[in-house]
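Colleague: Sharing a sequence plus its predicted fold:
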Amino acid sequence: MDKLLLSKGYQLGETIGEGTYSKVKEAYSRNLQRKVAIKIIDRRTAPKDFIHKFLPRELQIVQVLDHQNIVKVHEVWESEDGRIGMVMELAEGGDILEHIRREGPLSELLARPLFRQLVNAIRYCHDRGIAHRDLKCENTLLDKSFNVKLADFGFATHFGGGAAELSQTFCGSTAYAAPEVLQGVPHQSSKSDVWSLGIVLYIVLCGHLPFDDSNIPKMLWLQQNGVAFPQQRQLSREVRDLVGRLLEPDCSLRPLISHVCSHPWLAEPQ
């Protein structure tokens, strides 16, 4: 693999992320004259469902996305031994969860432009019939200028209109999953993305999850009863309203991403 990377003009650096059957390494690209991230996926250790269903979909989706707040994929190739390399834009600021653990929750003033960028990235995807399905703080990366770079489209899927859009697949992380996803009922993946946005915004503002995910039945009960904010966080009425709308347990009442974009809190000047 190292020889192949060198032949393609990449000088490998340290590992910056690791999954069950993939790892992400930093590298320097001689062609691009800058640092990049290379996600290396090993077909030999990955389950068949991933190889035949999720991976081809991810590779197809990431190569057509072109948005300033989505990690850019420069190149995809496969080695003779069955490993796949995905050369991506490097988000040097790490992920938003790392930042919050290090610096604490963000003020509304700092949170607003970041969340606006994330919402814009999701609207771009939804406008093209793509649901992310794994939205979380760990996949919300930051560049060195503190701009959002949405990453990891491993569970992303295309959706159509009406009944054709309904999914029953459980994807993503339990803590960020909408009630309808946890319950395994047919659901709109786009609406589930909106719920996950609400979890991200709550964590950004409060520094912790809104619902304890250690007990799923209890978490489902808590989700139905609405979100509570810590008293020490003096949050505006507008942002509390937005979080409440995003974390609406009835997906038929939960807003579409186009309506989220026009919420008064996001519409405030930068």
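Modeller: Now that the structure is in, tell me what you want to look at.

Colleague: Can you give me the neighbour number for residue 264?
Modeller: Neighbourhood size, residue 264 [other Cβ atoms under 10 Å]: 12. All C-beta atoms are positioned from the backbone trio N, CA, C, and that covers glycine.

Colleague: again with residue 206
Modeller: Other residues near residue 206 number 20, with proximity taken as other Cβ under 10 Å.

Colleague: Do I have it right that it meets residue 229?
Modeller: Yes: using Cβ atoms under 8 Å, residue 206 is in contact with residue 229, at 6.6 Å.

Colleague: Show me the helices in the chain, by range?
Modeller: Remark: helices assigned in the chain by DSSP state H are 2-7, 48-49, 55-62, 96-103, 108-127, 179-182, 189-206, 216-224, 237-246, 257-261, 264-267.

Colleague: The ones you listed: which one's closest to residue 136?
Modeller: Proximity of those to residue 136 was assessed by Cβ to Cβ; the nearest stretch is helix 189-206, lying at 6.7 Å.

Colleague: Packed most tightly, which of the helices of the chain would that be?
Modeller: When the helices of the chain are scored by mean count of other Cβ atoms under 10 Å, the highest mean neighbour count falls to helix 189-206 (a mean of 23).

Colleague: Counting by contacts, list what that one packs against.
Modeller: Identification of packing neighbours for helix 189-206 by 3 or more Cβ pairs under 8 Å, 6 or more residues apart in numbering; DSSP states H and E yields helix 96-103, helix 108-127, strand 130-131, helix 179-182, helix 237-246, helix 257-261.

Colleague: State the mean pLDDT of the second one.
Modeller: The one in question is helix 108-127. Averaged over helix 108-127, pLDDT sits at 97.

Colleague: can you list contacts of that helix?
Modeller: 65, 67, 69-70, 96, 106, 131-132, 135, 140, 142, 146-148, 150, 156, 190, 193-194, 197, 200-201, 204-205, 235-236, 239, 256-258, 260-261, 265-266, 268, 270 (Cβ atoms under 8 Å, 6 or more residues apart in numbering).

Colleague: Same check on the shortest one?
Modeller: Strand 130-131 is contacted by residues 61, 65, 125, 156, 157, 158, 159, 189, 190, 192, 193 when judged by Cβ under 8 Å, 6+ apart.

Colleague: Same question for the first one.
Modeller: With contact meaning Cβ under 8 Å, 6+ apart, helix 96-103 is reached by 93, 106, 114, 136-138, 140-142, 148, 200, 203-204, 207.

Colleague: change it to 7 Å
Modeller: By Cβ atoms under 7 Å, 6 or more residues apart in numbering, the surrounding residues in contact with helix 96-103 are 137, 138, 140, 142, 203, 204, 207.

Colleague: Out of the residues you listed, the closest to residue 46 would be?
Modeller: residue 138 (19.7 Å).

Colleague: Can you give me the neighbour number for the closest one?
Modeller: Burial of residue 138, expressed as a neighbour count using other Cβ under 10 Å, amounts to 17.

Colleague: And it, how far from residue 81?
Modeller: Summarising the geometry, the distance separating residue 138 from residue 81, computed by Cβ to Cβ, to the nearest Å, is 29 Å.

Colleague: Please name the nearest non-neighbouring residue to residue 62.
Modeller: Once flanking residues are discounted, residue 62 sits nearest to residue 73: 4.4 Å by Cβ to Cβ, 6 or more residues apart in numbering.

Colleague: What is the neighbour count of the one you found?
Modeller: Residue 73: 22 surrounding residues under other Cβ under 10 Å.

Colleague: which ones are touching it?
Modeller: For residue 73, the contacting residues are 62, 63, 86, 88, by Cβ under 7 Å, 6+ apart.

Colleague: Can you check what pLDDT the model gives it?
Modeller: Here, the pLDDT recorded for residue 73 equals 95.

Colleague: for residue 55, same thing?
Modeller: At residue 55, pLDDT is 88.

Colleague: before we move on, back to that, can you put the helices of the chain in a markdown table and add distance to residue 14?
Modeller: Supplementary listing: these in a markdown table, determined by distance: least, Cβ to Cβ, whole Å:
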| stretch | distance to residue 14 |
| --- | --- |
| helix 2-7 | 14 |
| helix 48-49 | 31 |
| helix 55-62 | 23 |
| helix 96-103 | 16 |
| helix 108-127 | 26 |
| helix 179-182 | 35 |
| helix 189-206 | 27 |
| helix 216-224 | 36 |
| helix 237-246 | 36 |
| helix 257-261 | 36 |
| helix 264-267 | 37 |
